[in-house]
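K.L.:
3D, please:
(2 chains)
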Amino acid sequence: MRIEIPFPALFRAEEKPEAFRDLLYRCVEARGSLAVRLAADSAEITVSDEAVGQIDVFGRWRGPGLAGDPADEVGVKLLLPLVFRFCEIVLPHGQIYTTGRAYRSVADFFVRNLFFAIARNERVAFRAVPRGDVPAHAAAEFQRQYFYLIKGYFPEPVFHRNSVGDAMDLLAANLFLPVATFENPLLRHGGRALRQAVRAGEASELKAGLLDARAAMMAHFGT
Amino acid sequence: MKNAPFFSIVTVARNDAWSLMKTMRSVFEQSFRDFEYLVVDGASTDKSQRLVEFWQNQGLVTGAVSEPDTGVYNGMNKGLRMARGRFVCLLNASDVFADPDVLERVAGILTDRDLDGVLGWGELKDQFWTSWTEGEAFKLASLGFCHQALYVRRSLLVDEPFDERAFKTDSDTLQLARLYAKGARIAIVPQVLAIRGGEPGISADLERSGRSIRHTLVEEYPELTEADADQILAFRRTCAEPEAILARLQTAQPPLSRHLARMVLDTLFQRQSGTLAPALSARLLDAALAIVLAEDGGAGEVRRLVFTQRRRAEMLAERAEARRQLDYDASKFEAEETARISKIRGGVLAAPARPSDLIVSLTSFPARIKTVSFAIASLFEQTCPPKEIHLWLGRDEIPGKNWLPRRLRDLEERGLQIHFAPRTFHQYDKFLHNAALNAAAPFVIVDDDVIYPPEALAHLCEMHRLHPHAVIGNRCHSMGIEEGAIAPYRLWQREVRLPAPSFRLMPTGAGGVLYPPGFLSDPAVTRIEDILALAPYADDIWLKVCALARAIPTMATALSHKSDWYHRYTPTMRAGTLMATNVERGLNDVQIARCLDWLTRRKPDWRAAFFGKDLAA
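P.N.:
Now for the predicted structure:
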């Protein structure tokens, strides 16, 4: 079962399609999983009857990439979606903690459950995909949903900057230097551990990372 | 003895008063206040000193010197010698901090990490300087960095001053390289910390900078001849002779090989590398990567390069997206405006046009240039059409007509006169260049982000007919009075109309302000030294005190009422607004106080009329 939602409607509760509820019922009934995948101007929601044991998040690192499972600590995991532009979330039925009320959008449903799962220290796998598979603008918007959520739960000054873009840039830069100071000990520890995880990455991945980054730059230049 | 401030911010300038304005405002806006601000002026003749005095009076500028120098590096060294702060940042005229929290952020990093300095990224017209290597390689082919985003311990800089020789254009990169060579711990903060001004720097002179870099290469690397230096420079600039550079990478000895490797890696992320054959760029990348990864800490540096270039690509994409979004918004707005205008033209009640002798003048700037045509088009649809409409732009911001959007150029056919001043005077461009036109005709100043209702000019004209000697405003504020003095600007009553002209009304440009013949053409109104010293950021305040100085009251039209005021703005309304600084940070009140001091000296009895029985009461 699948439905396609025009991209703007993904973020508007009042435009949540009726069919989404059917997919949700099906997922719970079959103890399967529900997935959202972003395209350039729409999102595809699918339900699978196959049981999966963890949340899978697909996208691209804003930083140099973290090798394997970067950490299993809540503090780190809470920050990961802020440095990872996600384009697909696969949500097992067991990690659906909120069903998304009438006043919450489809995007909110996925991101809020991701957030709750992370906060409960559930297993979440962040998987990098090729650059072209991530619609940049759409993914950035989706990521903002997570930002608004975490900002609501953690009243950190670093989250309350002039613009979301500013705050996100700061959090990305924080992978290298402690430019973002967290007041919450959990996040403060997470920020430190995340920097360690960046440093611990494999040198063998660097060339691939460089080629990928260069491809992005040359695409911008149109060459 | 007073403790040394945390930062010394040094601005070097010469004949650049109007660019200096935005630099100084940016320093003023910083949330972190433990700094001294020094201005090193190269004996400017454009009245820059008056602007420096303005900020000295507010306590922002704590040290200033104005005397001839031998160039920008001479001025920067002078600033270093004057500085007392623990860390120094050189923010030259026309450069600004990226946001109001930059100093606070940098101070936090420097304190937490006990560093000798930090180097951030810089931006110039949607291009980015994204430094990633922390080492001496900067001096090779002048690997670019944004010196406005560099904060270094003062003691280190004093020991390593800028090379002041006249032909040098890369003294900053050379200085940074030497600091690293001495073991200075200067960390890169992967974030835009500074925005460069629009003017090209001295390194934009390719011939001169080529000579300077060539000189550096030969002087710093004994194994390089001038021909070798030319080859490296040519690769850096145009990716010429890649095979030769590849061979050089494979045979050079450290430290040249290490620096070459970083130069090659950096160049592979520049536009010019798109001309390289894929196989060749792959070989160059492999060779350079092998050298860097073989070093201690090399992997970390490559990791930083990956991050840096990914972020740079993202930032470029975000800017491109913002431009596309603005184009989309402008097209949508154009459709709405076309419909509105055709409704006006087809309206049953549309009054026949009554041509006037009004001169209308406005200015704009890059962030609003795509939408200024909508504001101007609304002026062509007036029931009381103006005789002339003048748009003034600064050539330092917008080089010429080819840079203007089609929608705007099309308006020339309807009579719009577009002028370019050599440099922008910001909001003062509205009348500084053509004030003489006001000698015989009423002159209307308007804003570039407002859609004027069809009757806007008619209201001004009609009121001008009734009160020919008054300043007429479609949107006026009532200057509040508190304990016998003028109240803070934020307490003034907005959008007020009174039954008769009043000294206490202040017209604001957004509604359109009509100045009676002879007002702006009075030389006192366009005295740049007074403007810079008293109200550099608020033309409406300046014009108001000029009116008070001549006992000219202001009359509000019927539009100046909260319920009637026409709030329709172009899509770029929020771009470049001074509202946050002028109102929220109290800069308007500072300018009002300065202007009133001036007014008191010029017209000691103004208070009697102002605070006495109001004409409109």
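K.L.:
report pLDDT for residue 79.
P.N.:
All of this refers to chain A. Note on residue A:79: pLDDT of 91.
K.L.:
my bad, the chain I had in mind was chain B
P.N.:
Note on residue B:79: pLDDT of 96.
K.L.:
counting neighbours, what do you get for it?
P.N.:
The number of residues packed near residue B:79 is 24, by other CB atoms under 10 Å in any protein chain shown. (C-beta placed from N, C-alpha, C; glycine too.)
K.L.:
give me every residue that touches it.
P.N.:
B:8, B:10, B:11, B:12, B:38, B:40, B:88, B:90 (CB atoms under 8 Å, 6 or more residues apart in numbering or on different chains).
K.L.:
which among these end up buried?
P.N.:
Neighbour-count burial within the contacts of residue B:79 applies to B:8, B:10, B:11, B:12, B:38, B:40, B:88, B:90; the criterion is 16 or more other CB atoms under 10 Å in any protein chain shown.
K.L.:
excluding chain neighbours, give the residue nearest to the fourth one in space.
P.N.:
Computed as CB to CB, 6 or more residues apart in numbering or on different chains, the closest residue to residue B:12 that is not its neighbour in sequence is residue B:75, at 3.8 Å.
K.L.:
re the thing from before, the buried ones among the contacts of residue B:79 into CSV, with extra columns for pLDDT?
P.N.:
Shown next, in CSV, are these (pLDDT from 0 to 100):
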residue, pLDDT
B:8, 98
B:10, 97
B:11, 96
B:12, 94
B:38, 98
B:40, 96
B:88, 98
B:90, 96
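K.L.:
closest to residue B:397 among the residues you listed?
P.N.:
Ranked by distance to residue B:397 (CB to CB), the buried ones among the contacts of residue B:79 are led by residue B:11 at 19.5 Å.
K.L.:
ok, the contacts of residue B:79 vs chain A, which is closest?
P.N.:
Nearest to chain A among the contacts of residue B:79 is residue B:88, at 19.9 Å by CB to the nearest CB.
K.L.:
which strand residues bridge the closest one?
P.N.:
Counting by DSSP bridges, residue B:88 is bridged to residue B:8, residue B:152.
K.L.:
report the closest residue of chain B relative to chain A.
P.N.:
Relative to chain A, the nearest point of chain B is residue B:274 (2.8 Å; CB to the nearest CB).
K.L.:
let's verify that residue: helix, strand, or coil?
P.N.:
Of the three states, residue B:274 takes helix according to DSSP: H, G, I helix; E, B strand; the rest coil.
K.L.:
just the pLDDT for it.
P.N.:
So, for residue B:274, pLDDT stands at 93.
K.L.:
does it touch residue A:221 like I think?
P.N.:
Yes: judged on CB atoms under 8 Å, residue B:274 makes contact with residue A:221 at a distance of 5.5 Å.
K.L.:
residues contacting the residue nearest to residue B:12?
P.N.:
Residues near residue B:75 by CB under 8 Å, 6+ apart: B:12, B:14, B:40, B:42, B:69.
K.L.:
wait, a strand at it?
P.N.:
No: using three-state DSSP, the assignment for residue B:75 is helix, not a strand.
K.L.:
can you pull out the strands in chain A?
P.N.:
Using DSSP state E, the strands of chain A run over residues A:2-6, A:33-38, A:42-48, A:55-61, A:84-92, A:124-128.
K.L.:
quick check: which of those is nearest to residue B:421?
P.N.:
Closest to residue B:421 of those, according to CB to CB: strand A:84-92, at 43.7 Å.
K.L.:
and the closest one, what does it pack against?
P.N.:
Packing partners of strand A:84-92 (3 or more CB pairs under 8 Å, 6 or more residues apart in numbering or on different chains; DSSP states H and E): strand A:33-38, strand A:55-61, helix A:106-119, helix A:136-153.
K.L.:
residues in contact with that strand?
P.N.:
With CB under 8 Å, 6+ apart, strand A:84-92 has contacts from A:32-38, A:51-62, A:110-111, A:113-114, A:126, A:129, A:133-136, A:138-140, A:142-143.
K.L.:
repeat that with 7 Å
P.N.:
The contact list for strand A:84-92 (CB atoms under 7 Å, 6 or more residues apart in numbering or on different chains) reads A:33-38, A:51-62, A:110, A:113-114, A:126, A:133-135, A:139-140, A:142-143.
K.L.:
just stretch B:243-257 next, same as before
P.N.:
Contacts for stretch B:243-257 (CB under 7 Å, 6+ apart): B:136, B:221, B:223, B:231, B:235, B:260-261, B:264, B:283-284, B:287-288, B:291.
K.L.:
show me where the stretch 101-250 of chain B has its helices.
P.N.:
Along the stretch 101-250 of chain B, counting by DSSP state H, counting those that start in this stretch, helices occupy B:102-113, B:154-159, B:171-181, B:206-220, B:226-238, B:242-251.
K.L.:
which one of those is the most hemmed in?
P.N.:
Greatest average neighbour count among the helices of the stretch 101-250 of chain B goes to helix B:171-181 (a mean of 22), per mean count of other CB atoms under 10 Å in any protein chain shown.
K.L.:
next, the angle from that helix to helix B:206-220.
P.N.:
In terms of direction (axes from the mean of the first three to the mean of the last three CA atoms, to 10 degrees), helix B:171-181 departs from helix B:206-220 by 30 degrees.
K.L.:
for helix B:171-181, the averaged confidence score.
P.N.:
Here helix B:171-181 scores 93 as its mean pLDDT.
K.L.:
so which bits of stretch B:359-379 are buried?
P.N.:
Applying a neighbour-count criterion of 16+ other CB under 10 Å, one finds B:359-366, B:368-379 buried in stretch B:359-379.
K.L.:
and stretch B:420-432, by the same measure?
P.N.:
Counting neighbours by 16+ other CB under 10 Å, one finds that the buried residues in stretch B:420-432 are B:420, B:421, B:423, B:424, B:425, B:426, B:427, B:428, B:429, B:430, B:431, B:432.
K.L.:
and what of stretch A:1-21?
P.N.:
Going by neighbour count (16+ other CB under 10 Å), the buried part of stretch A:1-21 is A:3, A:5, A:7, A:9, A:10, A:11, A:13, A:16, A:20.
K.L.:
mean confidence for it?
P.N.:
Averaged across stretch A:1-21, pLDDT comes to 90.
K.L.:
how distant is that stretch from the center of its chain?
P.N.:
19 Å (CA atoms, centre = their mean, to the nearest Å).
K.L.:
ends of stretch B:264-279, what's the gap?
P.N.:
15 Å (CA to CA, to the nearest Å).
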